[in-house]
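K.L.:
Mind folding the following:
(one chain, ligands or ions: 1)
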Amino acid sequence: MISREAAARAALVAGWAFFTLATAALSVWIARKEALPLRRNRIGYWMLGLVLVILGEGLFLAQRPVMGGGLRVTGVLLSAIGLQAVVLPEMTRTLRVGLSYLASRGLALAVYTLVFLGVYGGFSMFSQGPFFPPVLVALLAAAAVVFVLNPVLTGLQQTIKDAIAGKDRDAARLLSQYTQGITHITDLKLLATRMVGTANQALENHRGFLFIANTERDADGDSFYRLRGEQGAGGDRPPDGLIAEDSPLALYFRSERHPLTAAELREAPHFQELAESDRSWLKDLDAELLVPIYARDEWIGLLVLGPKNSGAAYSQEDLNLAGILADQTGVAMENVRLVEGLTRLNDQFRRAYSALEQAKQQLERLDRTKSDFISIASHELRTPLTVISGSSQMLLADPALQENPYTQKLVDKIVTGTARMHEIVDSMLDIAKIDTRELQLDPQPIAVSGLVRSVCAGLDEAARERGITLEVEEMAGLPHIEADVDALRKVFYHLVVNAIKYTPDGGRVTISGHPVGAERGAFAEGGVKVTVADTGIGIDPRYHELIFTKFYQTGELALHSTGKTKFKGAGPGLGLAIARGIVEAHTGRVWVESPRCDEQACPGSRFHVVLPRRQPARLPEPSRMPTPSRPLVLH
Ligand code: ADP
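P.N.:
Got it, this is the predicted structure:
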């Protein structure tokens, strides 16, 4: 008969055995099915914990509660760590390191025990005699330990460590070679090849990508990171990663600065929110380890590594090494980024330049069309105008018409209007000649003062009508210059007409002249400077250059009038363009000085013309002036 106690005990043991075996069988089945190295590592911890628990419980049942309890607690702790810890050291490596530690310490223990036993024996045998005092025996034993035993023991320990835990990686040498090799690299592909090659060697894997991180904006104006990558060891370029600025991944890399394992990505709570697109991008890359790269505290890139060749998980030592590798790469990566930025900028410049070039060509085409139009229009207008002018002159002289004051007045108006039209058509012809570089000059020695005076004499009456004092200062000391008298007359005519036109009634226009010293080139023998100053409305400095382009006017179109000297009566906008064309054809310069445009305060303007005494043997062509964007208005 079996006692009730024994039966209960047997049932307990059978139940325990059943559940234990079932748990073990289930664990083995799961472990066999699992392909992911990181999960296999985790299951390894669980299995070891399970074995310890089973052993502990076995001891417990065999009436060894203390040892059994200890093993059980250790087993439960190990299993809990295996299940809970986010980053787990690789188990086989940890076991190997532990085993090699125990083996080498055990060896040292055994050897030292033997040595001490030997020394103890030696003492008892030799230390009695007169020739072997105890000090000498101790000295000999210590010398044997220091010179023979220790080196042998160290060698043996290293051999054991190499055999069990594996050889140490020469990471320092590898990293220093890498750093030297990448300092001058400015090409992402080359950098990726070097970096991934080094990572492959140092971390024992075979797959890796290097990505450059740049911020961009999408159509809605939201910022995101574009990770543009290169595969390290040949092969295709990986797809770009597009990561939102507030994605957990971007937040982690901006703040944490640690390598990130796939296990952490899968299991850490703050990555549960990771967008599906980010996950599938990492999955496509078969990413097992993500190592951020920084330059000047800014996240600028990412090294993505595949699984280890051994299928094991990346150890803490691997992560440290990967971190150092990334730090070394920061500077080179920044260089690549800068060069890429410069190349992009260069491309933009090139595109902008070609657009500018096209616009310039178009403007030149337009300018040519405009010049052609002016040329044709002025030529075509000239003949009928001459007919009208001649006929109106004849009408004016007709005694029959002179008797009727009304018709007389009408004919007078026709004659004045036709003369003004003549002037405008002449100006158009002049500008057409300047534009087409057909301006013919016949330079003769002339006295500028005389020319200026004769121009002013022609405009004296117009100035008087407006109550403007037209004054020509004494210019007796001015040297004669070589110039085309008709052309130069037009220059001063336009300047003085303008001065009268833009000066309110009662103002003053003063023309002065000074000799100028010798300069290089055309001014080798010096020249003259004539200034037309007025007390008019002035010119805004923004327009000081533009007013010299044809058809440019700062005034309003509505102010156009037939009166050529009426206050602010805008003309066709050709006077200054003709003046500059002629002056430049004489290798001279013309420009304006005026503080501002103010119709109340009237700060005035000063137009300066500088002309050389002698003309060079061959006159240069007048410059083709840029065309302003104002519609052509013929009066
Ligand atoms: P316009 O036929 O309109 O006078 P110009 O080429 O002679 O054409 O002058 C161009 C523009 O320069 C004028 O519309 C005027 O705005 C400005 N300008 C020229 N001379 C003067 C001046 N003495 N004072 C103020 N503005 C002037």
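
K.L.:
Quick check: residue 579 touching residue 489?
P.N.:
No. Counting by CB atoms under 8 Å, residue 579 stays clear of residue 489, with 11.0 Å between them. For every residue, glycine as well, the C-beta is placed using N, CA and C.

K.L.:
Could you check which of the two is surrounded by more residues?
P.N.:
Legend: neighbour count by other CB atoms under 10 Å for residue 579 and residue 489, higher for residue 579 (24 against 18).

K.L.:
Check whether the helix or strand hosting that one comes into contact with the ligand.
P.N.:
Using DSSP states H and E, residue 579 sits in helix 575-585. Yes. Contact of helix 575-585 with the ligand (CB under 6 Å from any ligand atom) involves 575, 576, 577.

K.L.:
Run through the residues of the stretch 451-600 of the chain sitting next to the ligand.
P.N.:
Going by CB under 6 Å from any ligand atom, the residues of the stretch 451-600 of the chain near the ligand are 494, 498-499, 502, 534, 536-537, 539, 547, 552-555, 570-577.

K.L.:
of those residues, buried ones?
P.N.:
494, 498-499, 502, 534, 536-537, 539, 547, 552-553, 555, 570-577 (16 or more other CB atoms under 10 Å).

K.L.:
before we move on, back to that, what is the helix holding residue 579 packed up against?
P.N.:
The contact analysis (3 or more CB pairs under 8 Å, 6 or more residues apart in numbering; DSSP states H and E) places helix 575-585 against helix 405-435, helix 485-501, strand 589-593, strand 606-612.

K.L.:
which phi and psi does residue 538 have?
P.N.:
Dihedral pair for residue 538: phi 80, psi 170, per degrees, to the nearest 10.

K.L.:
Now the residue in the stretch 301-450 of the chain positioned nearest to the ligand: closest residue in space, sequence neighbours ignored.
P.N.:
Using CB to the nearest ligand atom, the single residue of the stretch 301-450 of the chain nearest to the ligand is residue 427, 8.2 Å away. Counting by CB to CB, 6 or more residues apart in numbering, residue 427 lies nearest to residue 574, which is 4.5 Å off, once chain neighbours are set aside.

K.L.:
In terms of pLDDT, where does the one you found sit?
P.N.:
What the model reports as pLDDT for residue 574 is 90.

K.L.:
need the contact list for it.
P.N.:
Residue 574 makes contact with 424, 427, 428, 430, 431, 550, 551, according to CB atoms under 8 Å, 6 or more residues apart in numbering.

K.L.:
hmm, 6 Å instead?
P.N.:
427, 431, 550 (CB atoms under 6 Å, 6 or more residues apart in numbering).

K.L.:
Kindly report the same for residue 360.
P.N.:
No contacts exist for residue 360 under CB under 6 Å, 6+ apart.

K.L.:
in which helix or strand would I find it?
P.N.:
Going by DSSP H and E, residue 360 is part of helix 316-397.

K.L.:
Quick one: work out the angle between that helix and helix 405-435.
P.N.:
140 degrees (axes from the mean of the first three to the mean of the last three CA atoms, to 10 degrees).

K.L.:
so after helix 316-397, what's the next helix or strand?
P.N.:
Next along from helix 316-397, by DSSP H and E: helix 399-402.

K.L.:
Can you show me the CA trace of that next one as PDB?
P.N.:
This file holds the C-alpha atoms of helix 399-402, laid out as PDB (Å, rounded to 0.1, in the frame of the first residue of the first chain):
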ATOM      1  CA  PRO A 399      -1.300 137.500 -99.400                       C
ATOM      2  CA  ALA A 400      -4.900 136.300 -99.800                       C
ATOM      3  CA  LEU A 401      -4.700 134.400 -96.500                       C
ATOM      4  CA  GLN A 402      -2.800 137.200 -94.800                       C
END
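
K.L.:
pLDDT below threshold where in the stretch 301-450 of the chain?
P.N.:
Counting by pLDDT under 70, the stretch 301-450 of the chain shows no low-confidence range.
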